[in-house]
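# quick one: sequence and predicted model below, then my questions.
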Amino acid sequence: MANKNILEAPFVNEMKKTTQNMYQHGWDERNGGNISYILNESELEDYLDLSDVTREIPLIFDASELAGKYFIVTGTGKYFKNVEEAPETNLGIVRVQEKGHALDLLWGYEDGGLPTSELPSHFMTHISRLKVDPENKVVMHCHATNLLAMTFTFSLDERLFTRILWQMCTESLVVFPDGIGVLPWIIPGTNEIGEATAEKMRTSRLVIWPFHGVYGAGKNLDETFGLIETAEKAAQVYTLTQCQGGIKQTLTDQNLRDLAAAFHVTAKAGYLE
Ligand code: 2HA
Ligand code: ZN
């Protein structure tokens, strides 16, 4: 029975908290950033009549691999800053239609809005991550400041980029042993950037879009936020080392190997010397 108030649903509250937190970190200026989060039918049916479709939303790519799945998604052109005060216009809950070329809108986007312009990257990433981790539920994009800055000053070689982040904080390797993928610059919002992001996401849960921002994927909002937060912290420390006159010493490859062994993680193959 759909008799509970959706504005009190845990998943709406989590989206409010996460978007506000990311905004406060300065990673989501204006309409920057977007989140998509898979919801189970059982989580939703207390709040929504799932046969009551408000609107159909066409897709410009084939999402049939996600047919029947439910997502809560930030709206295109909407500001993370405003999600907390008006979730019903800044968020939407959609179900992917059987043929994968349209969405059923079940709640939200109340001013006639649409899901994020980055939906191709989100959905293609969900398809990709679900193949390697059936528990993956979240795809998150933001303009994390120090990671973004590093794409101007540091090599875009993904092995080198991963290694410097691993070296900047002992936690890095433990949190993202699968490293960080780096794309070439591609026009955002396109199927092309979606395909490229999804391809990298087969092997790492973090992907850098040079001169733009970062993508993260994970099991829930907290974990995915924490993943981006850890990489961004390492990038911030890197920034500070450069301001302080450069790196005099750092974690050695042997330190990193010992760390991986102690925390039972496997560093991405070929990334340690
Ligand atoms: O949604 O961040 O990449 C605004 C963006 C586009
Ligand atoms: Zn962006």
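Yes, it's here. Numbers count the residues shown, from 1 in each chain. Ligands and ions are numbered 1, 2, ... in the order given.

# which bits of the chain sit near ligand 1?
Within the chain, the positions near ligand 1 by CB under 6 Å from any ligand atom are Asn31, Gly32, Gly33, Asn34, Thr116, Ser117, Glu118, His141, Pro188. C-beta here means a position set from N, CA and C on the backbone, and glycine is covered the same way.

# and the spatially closest residue to the first one that is not a sequence neighbour, what does it touch?
Ranked by CB to CB, 6 or more residues apart in numbering and with sequence neighbours excluded, the top spatial neighbour of Asn31 is Gly77, at 5.2 Å. Residues near Gly77 by CB atoms under 8 Å, 6 or more residues apart in numbering: Asn31, Gly113, Ser117.

# narrow those to those that are buried.
Buried members of the contacts of Gly77, counted by 16 or more other CB atoms under 10 Å: Asn31, Gly113.

# out of the contacts of Gly77, which comes closest to Ile247?
Relative to Ile247, the closest of the contacts of Gly77 is Asn31; by CB to CB it sits at 36.0 Å.

# confirm that that closest one sits in a helix.
No: the assignment for Asn31 (DSSP: H, G, I helix; E, B strand; the rest coil) gives coil, which keeps it out of a helix.

# relative to Pro115, how far out is it?
13 Å (CB to CB, to the nearest Å).

# what's the answer for Ser121, then?
12 Å.

# ok, those two, which is more surrounded?
Between Ser121 and Pro115, counting by other CB atoms under 10 Å, Ser121 is the more crowded of the two (30 against 26).

# quick check: closest non-adjacent residue to that one.
Closest to Ser121 by CB to CB, 6+ apart is Gly194, at 4.1 Å.

# who's in contact with the one you found?
Phe61, Glu118, Pro120, Ser121, His122, Phe123, Met124, Thr125.

# show me which of the residues you listed are buried.
Glu118, Pro120, Ser121, His122, Phe123, Met124, Thr125.

# helix, strand, or coil at Trp27?
What three-state DSSP gives for Trp27 is coil.

# quick one on the thing from earlier: pull up the overlap in contacts between Asn31 and Pro115.
Jointly contacting Asn31 and Pro115 under the rule CB under 8 Å, 6+ apart are Thr76.

# nearest the geometric middle of the chain, what residue?
Central residue of the chain (CA atoms, centre = their mean): Met140, 1.8 Å from the mean position.
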